[in-house]
Every structure is written in structure tokens, then in C-alpha cells.
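In: Return atomic coordinates for the entry below.
(one chain, ligands or ions: 1)
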Amino acid sequence: MHTISSYNFCCKKTLVRVDFNVPLDADFNIMDDSRLRASIPTIKKIISDGGSVILMSHLGRPKGVVSEKYSLKYLVQHLNKLINEELGCSINLFFVNNCIGENVISKCNSLKEKEVLLLENLRFHKEEESGDEIFSKQLADLGDVFVNDAFGTAHRAHASTTIIAKHFAPENRFFGFLMEAEIKNAEKVLHKAEKPFCAIIGGAKVSDKILIIENLLDRVTDIIIGGGMAYTFIKAQGGKIGNSLCEIDRLETVKNILSKAAAKNVVIHLPIDSIIADKFSKDAETSESDSNNISEEWMGLDIGSKAAEHFGNVIKNCKTILWNGPMGVFEMEKFQKGTLSIAKAVAEATQQGSFSIVGGGDSIAAVNKFGFADKVSYVSTGGGAMLEYFEGKTLPGIAAIKSI
Ligand code: AMP
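Out: Numbers count the residues shown, from 1 in each chain. Now for the predicted structure:
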């Protein structure tokens, strides 16, 4: 792998693509700084070698228009604090209010060793998302070497994530430490998984998860299905699901998945019972029901206690665990028990020596909410990117660094 560990960045102006797409509140306070923290090891390595760092990122979806709301300048203070804490000394961190142009070139030229410059949001230029050649060259000209550490956007063929790489010789482009960890962990699960191997797939819609389920059928021994998507499976088997989420146009696809799984000896586990509610609300009346016999007007919003116990037993028996998507509407207190019980089972299995990886936006939010992030083997930072990796797709941001 083209990693940075054995490279000496001394005197190099290093262009680093990071993913600083952090949530900000209305007063521009950072709500979750994990993505900033995840970039620090790579920045530290370059500075410790005596290089200078030019950071580039997107934030939100400004769609090619300059917008105060999406300015990266609001990250400067906190990022500076994180870098200084990690390095144990005071580092100069500058900000420039564009990512291309004369002013940016002059700031980059005057950047000294061990200094950091953060460029303004790349997506203020529509050329970023369209993967524009000229724009990518203007960015590339700012640095001597290129490091991609933005796993969260590795599935996008944007100017700064993919197109830019061709302007650097293969020996001058690298994966940062975060990318390296993401790729290594994902590869371990996809190609070197110890069995039994279970995938826990939850969330709202079957349609979003079909490709990942199909790709995993050749690799896993068990698939646990929870969340809203479970009811399309239960309906496909002839169950009564009341008002629960159901994608009628996916019933045939689901039947097809069930028969493929049977042919490959993969056991699909569906929730035997559910927590049902009379409406989709935190104040709903609730009850427990068999998942295949839910009364009309009621809907399943979480897995039930028997399902949680059964899923927990499967998980604790597995050597490799991949988890994507919550078991219920975990944002509401009445429907979070199922997801919490899965988090506990994954943590227990990990403590017993199993390898566990959690990824995809809402599962990360769930493990963070329940305080389990440091009790699993690896939490992936990339939602869509992680999903596409496990669907078996080639991510353009990764391919661009590897290509010869
Ligand atoms: P996804 O983005 O597809 O992983 O879906 C995550 C969302 O699915 C979360 O916001 C959950 O609230 C929602 N969800 C999970 N279980 C259910 C359910 N039984 N019914 C409706 N929504 C659900």
C-alpha cells in the first residue's frame, strides 16, 4: 500500500485531502469533532518530519456557491488546539478564504516547515464535484506531494479526491493513516475473515442494502436483519406486518436473496418478535408482538426481547462481526433497546476476542450514543464509502492512488 509511514516529508509542501465535513450548530459550534481528530496522526507525521501541510476539505453541500454557513474558517480554532495538544508545542495554523487563485498560491509559497494552511471549502467551486481537470491541476500545483486521508469521500470521483492524483507521480501520492486503517480493516473483513462471520444489517430500507447483502452472501455464515427493512422480508415470507415499513416493489428481490442464501448455506436471522407502536412517535402506545402477526394499524419500530436474545447468541458465537444499520428507531427512547442490546453483544464478543467493525452513518451514531465506540474493534468513519466498499465496488479515491 502507498502509505506514509516510511516516507520522509522533510521540506515537502504536502497537500492533504481530509474529510472535515463536521456537524456545526447555528452558532458554528462543532457538534462532533471526530473527523478533525481522525486527521491528526497524518498531520503530526508530516510536521514531525519537517514538512508543511496544506489541508483541503469540503463541508456540507454548498453546490458551487460561496456560502458563509459552510465556511471552514469556523474549524480553525479547534483544529489548532487539537494539533497543538497532539504535538505538545505551538504550531502556526493559517486559513485562506479560497482554495485556488493568486492569494492561495502566495500563501502556499510562503508556508514554512512545520506550518499548516487550511484552504476554504472546495465545494465553493462547482468544479470540485464535477471532477474538473483544470481545477484539479490548480489544486495539485499547490503541493509537492499528495496525501489522501478522506475515506468519507473516497467513493466520489471529485477533483480533489480522485482526478488530482494523476498530477502526482506514483511515488509522490499516498494514503494517510486514516485511509490506511480504513482499507486494512475493510480488507480484513472482506478477504481474511475468521468464521463464523455474521453481518448485522439494519436501518430503514431494503433497497439501500441489497447490494451489500448480495456481496456478503459469498463471505458470511450468518446475516442478522433488523430495523424497518426486516418487515419486507417478513412480508415476503407471508407474515402480517400491519403498518410497518414495507417496500412492496422489493418483495421479489427479497425472496431471491432468501433463496440465494439457502443455496449458499448462509443463515438469515429475522426478528421473531417486535416492539410495536400505534404511531411513529416518541409518545406512541407500545406493545410486543410476533413480527409475523402484527395487528393492522400497528407498526414494528424495534426488535422484541426474544429477537434481541436470539441475535445476541448468534453474535457471541461469531469470530467476525460486521454491523451496519440500527435495529429500530433508536433515536426515540422507547425503540432503542434492540440496538442497545446488539451493541452490548458486539462489545461482549469483541472482549472475547472476536473482530468487530461498525460502519455506516446511523450505526456509528448508535455506538457513540450508547458509549460503545471504544468497545468494538473498529468504527469506520465513512458512511457511504464504507457501504460501497462492502458492496464490492472499486472506490475511485482509492484506485487513483494505487493506479500506475
Ligand atoms: P439507514 O440510514 O437505512 O441505515 O436507516 C437508519 C434509520 O432507520 C434510522 O433513522 C432509524 O430510525 C430507522 N429505522 C430503524 N428501524 C426502523 C423501523 N422499524 N421503522 C422505521 N424506521 C426505522
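
In: Phi and psi next, for the residue in the stretch 1-150 of the chain positioned nearest to the ligand.
Out: Nearest residue of the stretch 1-150 of the chain to the ligand (C-beta to the nearest ligand atom) works out as Pro23 at 15.4 Å. For every residue, glycine as well, the C-beta is placed using N, CA and C. With angles defined as degrees, to the nearest 10, Pro23 sits at phi -80, psi 130.

In: What is the burial count for the closest residue to it other than its chain neighbours?
Out: Using C-beta to C-beta, 6 or more residues apart in numbering and skipping the chain neighbours, the partner closest in space to Pro23 is Met31 (4.2 Å). Met31: 8 surrounding residues under other C-beta atoms under 10 Å.

In: Retrieve the pLDDT associated with Met31.
Out: Met31 carries a pLDDT value of 87.

In: thinking again about what came up before, any idea how far the residue of the stretch 1-150 of the chain closest to the ligand is from Leu118?
Out: 18 Å (C-beta to C-beta, to the nearest Å).

In: which SS class is Ile321?
Out: Under DSSP: H, G, I helix; E, B strand; the rest coil, the three-state class of Ile321 is strand.

In: I figured it hits Val346, correct?
Out: Yes. Look at Ile321 against Val346 with C-beta atoms under 8 Å: they come within range, at 5.6 Å.

In: which neighbours do the two share?
Out: Ile200, Ile315, Ser356 (C-beta atoms under 8 Å, 6 or more residues apart in numbering).

In: Out of those, which sit inside strands?
Out: In this view, the shared contacts of Ile321 and Val346 that belong to strands under DSSP state E are Ile200, Ser356.

In: Measure how far stretch 50-59 is from the centre of its chain, please.
Out: From the chain centre to the centre of stretch 50-59 is a distance of 21 Å (C-alpha atoms, centre = their mean, to the nearest Å).

In: just the helices in this protein please.
Out: Assigned by DSSP state H, the chain shows helices spanning 34-49, 76-87, 102-109, 126-130, 133-140, 177-191, 210-216, 230-236, 251-263, 305-316, 337-351, 361-369, 383-390, 396-402.

In: Could you export those as TSV, including distance to Gly152, mean neighbour count and mean pLDDT?
Out: Below are the helices of the chain laid out as TSV (distance: least, C-beta to C-beta, whole Å; neighbours: other C-beta atoms under 10 Å; pLDDT from 0 to 100):
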stretch	distance to Gly152	mean neighbour count	mean pLDDT
helix 34-49	7	20	95
helix 76-87	17	16	96
helix 102-109	23	14	98
helix 126-130	14	19	98
helix 133-140	18	19	98
helix 177-191	9	19	95
helix 210-216	17	20	94
helix 230-236	28	23	98
helix 251-263	28	15	97
helix 305-316	27	19	98
helix 337-351	22	22	97
helix 361-369	10	20	81
helix 383-390	6	23	88
helix 396-402	10	20	95
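
In: Please produce CSV containing the ones you listed, extended by distance to the ligand.
Out: CSV is the format used below for these (distance: least, C-beta to the nearest ligand atom, whole Å):
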stretch, distance to the ligand
helix 34-49, 18
helix 76-87, 28
helix 102-109, 37
helix 126-130, 22
helix 133-140, 31
helix 177-191, 18
helix 210-216, 11
helix 230-236, 7
helix 251-263, 15
helix 305-316, 12
helix 337-351, 8
helix 361-369, 4
helix 383-390, 8
helix 396-402, 22
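
In: can I get these in CSV with distance to Asp19?
Out: Formatted as CSV, these follow (distance: least, C-beta to C-beta, whole Å):
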stretch, distance to Asp19
helix 34-49, 5
helix 76-87, 13
helix 102-109, 20
helix 126-130, 13
helix 133-140, 16
helix 177-191, 8
helix 210-216, 21
helix 230-236, 31
helix 251-263, 32
helix 305-316, 30
helix 337-351, 24
helix 361-369, 13
helix 383-390, 9
helix 396-402, 10
